[in-house]
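Engineer: next comes the sequence, and after it the predicted model I'd like to discuss.
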Amino acid sequence: MTEDTRPVTEPEPAGLPHRIDPAGGCPHALNARLREAAGPVAEVVLPGGVPAALVLDHAALTELLSRPEAAKDPRHFVDLQEGRIPADWPLRAFVASRGMHTADGADHRRLRALVGNAFTARRTELMRPRVEELTASLLDDLERAASASPDGTADLRRHFALPLPMSVICELLGVDPAHRERLHSLSYKVIVATDTVPAEAVAAMGELVRLMGTIADARRADPGDDLTSALLATRDSDGDRLSEAELIGTMRLMLVAGHETTLNLITNAVRALCAHRDQLDLLLTGKATWSDAVDETLRWDAPVSWFPFRYAARDLTLGDHTVRRGTPLLAGYSAAGRDPRAYGPEADRFDLTRAPAARNLSFGHGAHYCLGAPLARLEATVALERLFTRFPRLDLAVPAGDLPHQPSFIGNSVDELPVTLGNR
């Protein structure tokens with residue numbers, strides 16, 4: 001695939017920590033250079049001058065995600081606790097929210113149990129008819145958009161890859177459709193676009209929290225058969241089990257994680273298959289499965305690149321590198337997916353027939369493994385199969401390398417995906 005290999009930023013000279021560029025970029029070439037220069041763990045400097053560590057190696061990342069000493073609770077973030085992180089730090093959204101994503105041990109198990117039943121493989125499979133119905137409707141919208149365009153193109157990300165997971169997660173949470181566009185805009189600014197200026201990021205975070213409160217109030221006044229209503233019932237009947245801050249944090253986590261990652265997964269898969277027509281032919285002729293396409297995309301072009309944060313609760317050794325207590329850690333999912341020690345010398349090749357090797361880590365590992373993984377896989381599998389079955393000649397309208405990458409070192413995708421549909 002001809003891909004955008006512009007780095008997030010060039011590595012610093014040998015011996016100096018790599019300064020992360022807030023504007024982001026395609027991470028793959030940079031991952032390879034950092035791994036070669038630093039090994040499994042690279043010292044980095046976050047925007048705002050905050051020292052951190054980036055885990056690049058598949059084995060080291062598996063270990064990190066498995067160890068309780070790699071904590072999620074920001075009380076282990078020494079610079080934060082000692083007052084060296086300013087109030088307008090652009091990444092404060094990752095340390096200011098309370099929920100299962102910032103909890104450890106018993107607190108994490110308690111919060112995860114409250115929503116876990118909604119995301120089991122069995123419950124997810126019951127959602128298949130609705131996912132298929134939404135997919136068919138959105139493909140009609142995509143075709144209408146292309147037909148209305150003077151050059152016959154349509155932005156697949158806008159008309160298909162975004163509204164599918166956003167509709168599903170909002171229906172699951174009982175969110176009024178009128179809020180969906182604003183919710184995506186705010187979550188993008190707060191979580192994805194790491195080049196957002198601090199004042200704008202703080203304002204967007206405040207508005208997102210208030211909007212979550214508005215959604216919760218609407219469900220409290222008019223409960224339904226949705227997850228927000230179920231969480232509220234727990235909150236109102238047993239306040240010790242779920243605080244108001246945990247309620248809002250849990251809702252925000254599910255909303256953001258429930259659509260942003262799947263949006264990138266679908267986008268990246270379409271981009272990869274259009275650039276690898278031989279691999280698409282394997283799918284269309286039944287020589288590979290659509291699940292294979294999802295799995296290989298998760299490995300080869302992970303929807304999340306470097307995800308914040310875990311914290312070293314004590315001095316932590318990963319491989320031959322020691323991370324000092326209190327250091328924030330980034331999980332390098334995009335790096336681990338192309339680690340040649342895990343996937344062989346052709347780790348950079350997109351190959352649906354790849355023999356099973358190391359476990360794909362894009363949905364995490366261990367106690368914090370993504371609850372929504374079965375739902376994301378279902379949505380992506382249905383989306384890809386229905387899309388390319390209906391439009392087998394669908395192709396990119398511009399060269400893949402010319403697509404604008406997300407301004408992010410966290411999200412890993414492009415911000416638009418113009419396509420031509422070809423004949424059915």
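Structural biologist: Happy to help now that I have it.

Engineer: from now on I want contacts and neighbour counts done on CA atoms only, so please keep to that.
Structural biologist: Fine.

Engineer: in the protein, what secondary structure element scores lowest on mean pLDDT?
Structural biologist: helix 227-237 (a mean of 84; mean pLDDT, DSSP states H and E).

Engineer: got the buried residues for that helix?
Structural biologist: Using 16 or more other Cα atoms under 10 Å as the burial criterion, the residues of helix 227-237 that qualify are Leu227, Thr228, Ser229, Ala230, Leu231, Leu232, Thr234, Arg235.

Engineer: check the gap between the first one and Asp107 for me.
Structural biologist: It refers to Leu227. 20 Å (Cα to Cα, to the nearest Å).

Engineer: again, but for the fifth one
Structural biologist: For Leu231, the distance to Asp107 (Cα to Cα) stands at 16 Å.

Engineer: the last one now?
Structural biologist: When Cα to Cα is the yardstick, Arg235 and Asp107 sit 15 Å from each other.

Engineer: related to what we said a few turns ago, for the least confident helix or strand of the chain, packing partners?
Structural biologist: Secondary-structure packing of helix 227-237 (3 or more Cα pairs under 8 Å, 6 or more residues apart in numbering; DSSP states H and E): helix 105-116, helix 163-173, helix 198-221, helix 244-257.

Engineer: now render those helices as JSON lines, adding distance to Asp155, mean neighbour count and mean pLDDT.
Structural biologist: Formatted as JSON lines, these follow (distance: least, Cα to Cα, whole Å; neighbours: other Cα atoms under 10 Å; pLDDT from 0 to 100):
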{"stretch": "helix 105-116", "distance to Asp155": "34", "mean neighbour count": "15", "mean pLDDT": "91"}
{"stretch": "helix 163-173", "distance to Asp155": "12", "mean neighbour count": "21", "mean pLDDT": "96"}
{"stretch": "helix 198-221", "distance to Asp155": "25", "mean neighbour count": "18", "mean pLDDT": "92"}
{"stretch": "helix 244-257", "distance to Asp155": "21", "mean neighbour count": "20", "mean pLDDT": "90"}
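
Engineer: dump these into a markdown table; add distance to Leu403 as well.
Structural biologist: Compiled in a markdown table, these are given as follows (distance: least, Cα to Cα, whole Å):
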| stretch | distance to Leu403 |
| --- | --- |
| helix 105-116 | 37 |
| helix 163-173 | 20 |
| helix 198-221 | 25 |
| helix 244-257 | 24 |
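
Engineer: let me know which of those helices is the nearest to Leu318.
Structural biologist: Closest approach to Leu318 among these (Cα to Cα): helix 105-116, 21.2 Å.

Engineer: helices and strands around the following helix or strand past that closest one, which ones?
Structural biologist: Using DSSP states H and E, the next helix or strand after helix 105-116 towards the C-terminus is helix 121-125. Other elements packing on helix 121-125 under the criterion 3+ Cα pairs under 8 Å, 6+ apart are helix 373-390.
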